[in-house]
Structures are given as C-alpha cells and as structure tokens.
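In: What shape does this take:
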Amino acid sequence: MKILFHPERKDIQLASVLYALSDPIRLSIISDIRNNGEQACNCFNVPVAKSTLSHHARTLREAGVVYTRVQGTQRMLSLRTEDLNARFPGLLDSVLSAYDANGQPALETEAEESSN
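Out: Numbering: from 1, shown residues only. As a prediction, the model looks like this:
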C-alpha cells in the first residue's frame, strides 16, 4: 500500500494552504468536514469526477489542511485544525466563516460555467 505524504506541522507553508483553500470545490470539502466531522471521500456532494475529487483531496492533504486515514478501501478525511491553528492562528476559521457567510455558492460544473 502506498504511504500517503502529510507534512509535519512545522513544514506547513502559508502559500500552500492558501492555494489549497482558493478553490470552491476544496472549500466545500473543508466546510463539509468542519460541519460533519471526518468523512470518506465518496461522501462529498461535489460536481466533479472521482479522479478530480482525488486530486482535490491530494492537494488538501499535501498542503497540510487535511489528514487522510486509510480504512479498508476508503480514504477518510479530517481537518488538521490543531496544526493549522498552531501555524496560522485564526486562518481556517476566517476563511470558513467568510465562505459560510457568502451562502456557500452553488458549485457549477465546467460545462455550465462555459455556457454562461
């Protein structure tokens, strides 16, 4: 089984975290985890293919935003809230509060975006 990379707390970089949190799909994933706790990758209601969802999960994991735990054939995602708050106090709460306050805009598929 492949070992998943998770940066140590001291190695989490602000630029990587901000990049990971800059995508609406990834923000939706993070908001879902914050509101509902640890979840399997297949539980997220996002309008993307499984391979694209895997890419988003990997981006979040490698930036240090989430921890991925393998349970059988599932990958369980949880927020690294303690690590992020230790490195960048208040950042995660600020970003998610702003996301929640803006009504969590409906996620559109690429086909819908190009037709607008």
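
In: in this protein, which spans are strands?
Out: In the chain, the strands defined using DSSP state E lie at 39-40, 66-71, 74-79.

In: Quick check: buried residues in the last one?
Out: I take that to be strand 74-79. R75, M76, L77, L79 (16 or more other CB atoms under 10 Å). Yep, even glycine has a C-beta here, placed from its N, CA and C like the rest.

In: how about low-confidence regions in this protein?
Out: Within the chain, the segments meeting pLDDT under 70 span 1, 103-116.

In: Can you name the residues in contact with stretch 80-97?
Out: 9-10, 12, 14, 17, 21, 27, 30-31, 34, 64-67, 79 (CB atoms under 8 Å, 6 or more residues apart in numbering).

In: is it possible to export the strands of the chain to a markdown table including distance to D100?
Out: Formatted as a markdown table, those follow (distance: least, CB to CB, whole Å):
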| stretch | distance to D100 |
| --- | --- |
| strand 39-40 | 17 |
| strand 66-71 | 18 |
| strand 74-79 | 14 |
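
In: what's the closest of the ones you listed to T52?
Out: T52 lies closest to strand 74-79 among the strands of the chain, at 14.7 Å (CB to CB).
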